[in-house]
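Participant: Got a sequence here, can you build the structure:
(one chain, ligands or ions: 5)
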Amino acid sequence: MKIVIASVACLVTQSTLAAPVEQATYGPPSYPGPGLPGNKQRADAVIEAFRHAWGGYYKYAFPADELTPVTNGKSNPRYASLAHMQKDIVNQILAYIPKIDYSKSINNEQVSLFETTIRYLGGMLSGYDFLTGPLAHLAKDKKNVDALLTQSKNLANYLSFAFDTPSGVPSNNLYFNNRSTDGSTTNGLATIGTLVLEWTRLADITGNKTYADLAQKGESYLLSPVKPASSEPWPGLVGTNVNLSNGHFTDAFGGWVGGDDSFYEYLIKMYVYDTRRFGRYKDEWIKAADSSIAHIASHPSSRPDLTYLAEYDGRRLIYESQHLACFDGGNFLLAGQVLRQKKYIDFGLALTSSCHNTYTSTKTRIGPEVFGWNASAIPRGQEQFYKKNGFYNSVASYDLRPEVIESYYYAYRVTGDRKYQDWAWDAFVAINATTRTASGFSAITDVNAPGGGKKTDNQESFLFAEVLKYCYLIQAEDSVWDANYKGSNQWVYSTEAHPFKVVGPRV
Ligand SMILES: *[C@@H]1O[C@H](CO)[C@@H](O)[C@H](O)[C@H]1NC(C)=O
Ligand SMILES: *[C@@H]1O[C@H](CO)[C@@H](O)[C@H](O)[C@H]1NC(C)=O
Ligand SMILES: *[C@@H]1O[C@H](CO)[C@@H](O)[C@H](O)[C@H]1NC(C)=O
Ligand SMILES: *[C@@H]1O[C@H](CO)[C@@H](O)[C@H](O)[C@H]1NC(C)=O
Ligand SMILES: *[C@@H]1O[C@H](CO)[C@@H](O)[C@H](O)[C@H]1NC(C)=O
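Facilitator: Numbers count the residues shown, from 1 in each chain. Ligands and ions are numbered 1, 2, ... in the order given. Just a heads-up that it's a prediction; the model follows:
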């Protein structure tokens with residue numbers, strides 16, 4: 001059984017709302033042979049965890065967005081959802097999707113364009129790609145597969161008024177009941193710049209180009225050179241907030257951290273998706289990546305062997321990063337593989353092992369939400385910790401985030417080095433040991449306290465869509481949907497780890 005598809009097929013369940021490549025220095029694809037080895041025993045252990053969490057969710061919370069895994073209640077933080085690839089689970093989800101009324105949200109609550117796009121729309125479209133493709137045998141009723149596409153269109157049509165602003169940069173926070181917004185006059189880099197893959201995929205499958213045009217128009221203001229020039233402190237590295245009335249940035253704060261992160265991630269993924277149409281996005285990724293290596297890469301004074309990417313405000317650096325930013329290693333690795341550039345692979349591996357260090361340094365062997373390495377700002381009591389580990393915990397919670405394991409996945413796919421399978425296994429064992437409850441897994445308050453401190457009764461849908469998926473994929477048999485499968489990518493993973501079939505030509 002493939003867990004993959006499930007999440008891969010990651011279906012939505014929620015009632016509620018309802019330059020030419022530079023000279024290649026990296027030779028032939030690094031794909032190390034006829035098939036990267038899996039590890040069945042470990043893959044099965046991940047499936048056990050997945051079925052445990054699905055069982056608890058289905059029993060106590062389905063079809064709400066999330067289970068509250070300590071109290072066995074439910075919550076609807078978004079109009080939202082998940083998925084999986086076990087055949088029984090796939091069909092439970094598939095049977096439910098046609099019943100969802102996406103025209104309204106529970107209690108008329110606010111709907112996030114970004115979250116709804118990456119979790120619901122991405123989940124349904126990925127499910128559609130898999131269930132009309134390599135996993136078609138999992139679906140019992142083909143009508144329910146067709147409904148994935150119909151419901152994707154319905155959802156996108158309901159969301160599309162978000163783009164109705166003077167500039168075309170979308171508003172993020174929407175009310176469906178009166179088709180209005182929360183009145184914000186700006187939107188953020190990641191929330192604007194992480195729509196383009198899903199909306200373009202929808203346009204390509206349905207033949208309705210409007211979906212792609214809407215997302216690409218918003219994105220156009222984010223690409224270098226941006227306005228004003230002061231909001232692009234180094235080529236390709238830009239600010240965070242953008243004015244809806246004219247598409248101008250309002251600050252020069254940024255980095256690869258939450259709020260900015262997946263804008264950079266999607267620049268190279270759009271190229272993987274369609275190398276012919278998105279060469280410009282790839283050029284922008286290269287600018288941002290080269291600027292990152294030259295200007296914001298940072299080595300802690302106590303551990304110069306480590307490499308993190310700093311935040312910035314203009315050209316002033318801030319020595320702080322996040323669990324969320326730890327996808328950066330994986331993104332450099334993917335780019336290095338598709339662009340055949342060893343410098344990005346080497347840099348991606350350095351970032352990945354430095355994020356690994358945030359896991360191996362704590363008592364739970366799980367990394368913190370926010371960490372810093374500013375030697376003049378070490379929190380009291382963490383001096384020795386900083387000296388030894390090269391960072392201190394600024395926010396020590398763990399919210400069941402995937403990014404560190406996601407980077408291990410790319411490191412394994414690109415290098416074939418089995419050490420990354422071991423790292424992913426260690427992380428899985430730690431997460432299972434520290435966060436597991438009777439009905440699922442829970443966020444915790446302190447990765448550096450014995451037992452992880454307190455369980456905060458929250459289980460984000462990305463536990464299924466990302467954490468357990470990457471834990472599984474890195475141990476599973478090599479498959480056509482894997483990154484760098486026999487030297488190229490036939491599928492590209494969204495920021496929520498929902499894979500889409502690439503248009504090609506494949507890289
Ligand atoms: C294409 O999508 C747009 C945006 O949601 C929608 O307004 C329009 O009706 C769609 N066109 C067709 C032919 O479905
Ligand atoms: C739209 O509805 C929401 C939810 O009821 C409400 O908070 C908001 O003020 C309304 N906006 C407008 C412009 O009426
Ligand atoms: C956005 O731009 C408009 C038009 O130039 C301006 O009036 C407004 O003050 C700007 N808003 C912000 C938040 O910068
Ligand atoms: C380090 O912390 C000090 C004190 O808070 C602050 O003034 C300085 O800007 C910080 N430097 C970096 C690089 O984060
Ligand atoms: C995960 O936790 C469960 C419950 O404690 C345990 O039975 C199982 O062996 C654990 N799996 C691994 C791989 O440690």
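
Participant: how about the helices in the stretch 351-500 of the chain?
Facilitator: 383-389, 403-415, 419-435, 462, 469-475 (DSSP state H, counting those that start in this stretch).

Participant: closest to residue 127 out of those?
Facilitator: helix 469-475 (13.1 Å; Cβ to Cβ). All C-beta spots, glycine's among them, are computed from the backbone N, C-alpha and C.

Participant: Quick check: longest helix in this protein by residues?
Facilitator: helix 40-60 (DSSP state H).

Participant: ok, and what's touching that helix?
Facilitator: Helix 40-60 is contacted by residues 1, 3, 66-67, 69, 72-74, 82, 84, 86, 89, 92, 421, 425, 428, 432, 436-441, 459, 463-464, 468, 471-472, 475-477 when judged by Cβ atoms under 8 Å, 6 or more residues apart in numbering.

Participant: That one near ligand 5 at all?
Facilitator: Yes. Using Cβ under 6 Å from any ligand atom, we find that helix 40-60 touches ligand 5 at residue 45.

Participant: just checking, next helix/strand downstream of that helix?
Facilitator: The element immediately downstream of helix 40-60 (helix or strand, assigned by DSSP states H and E) is strand 66-68.

Participant: could you say what helices and strands that following strand packs with?
Facilitator: When contacts are defined as 3 or more Cβ pairs under 8 Å, 6 or more residues apart in numbering; DSSP states H and E, strand 66-68 sits against helix 40-60, strand 73-75.

Participant: quick revisit: I'd like to know which of the helices of the stretch 351-500 of the chain lies nearest to residue 142.
Facilitator: Nearest to residue 142, of all these, is helix 469-475, at 24.7 Å by Cβ to Cβ.

Participant: I'd like the average pLDDT over the strand or helix carrying residue 268.
Facilitator: Here residue 268, judged by DSSP H and E, is contained in helix 261-273. Helix 261-273 comes out with an average pLDDT of 98.

Participant: what angle separates that helix from helix 403-415?
Facilitator: 30 degrees (axes from the mean of the first three to the mean of the last three Cα atoms, to 10 degrees).

Participant: now helix 261-273, how far from the chain's geometric center?
Facilitator: 11 Å (Cα atoms, centre = their mean, to the nearest Å).

Participant: what about the stretch 1-150 of the chain, any weak spots by pLDDT?
Facilitator: The stretch 1-150 of the chain contains residues with pLDDT under 70 at 1-34, 78-85.

Participant: Up against ligand 4, what does it have?
Facilitator: Counting by Cβ under 6 Å from any ligand atom, the stretch 1-150 of the chain has no residue next to ligand 4.

Participant: of all of the stretch 1-150 of the chain, which residue lies closest to ligand 5?
Facilitator: Going by Cβ to the nearest ligand atom, ligand 5 is nearest to residue 45 of the stretch 1-150 of the chain, at 4.0 Å.

Participant: And that residue, how far from residue 472?
Facilitator: 9 Å (Cβ to Cβ, to the nearest Å).

Participant: which one of those two has more residues nearby?
Facilitator: residue 472 (29 against 18; other Cβ atoms under 10 Å).

Participant: rewinding a little: would you quantify the distance from the residue of the stretch 1-150 of the chain closest to ligand 5 to residue 433?
Facilitator: 12 Å.

Participant: ends of stretch 312-320, how far apart?
Facilitator: Start-to-end span of stretch 312-320 (Cα to Cα, to the nearest Å) is 9 Å.

Participant: What average pLDDT does that stretch get?
Facilitator: Here the average pLDDT along stretch 312-320 is 98.

Participant: how about the helices in the stretch 151-300 of the chain?
Facilitator: 189-193, 196-206, 210-220, 261-273, 279-291.

Participant: can you tell which of those helices is closest to ligand 5?
Facilitator: Closest to ligand 5 of these is helix 261-273 (Cβ to the nearest ligand atom; 29.4 Å).

Participant: hang on, the earlier thing: give me whichever of the helices of the stretch 351-500 of the chain is most buried.
Facilitator: Most buried of those, by mean neighbour count (mean count of other Cβ atoms under 10 Å): helix 469-475, with a mean of 29.
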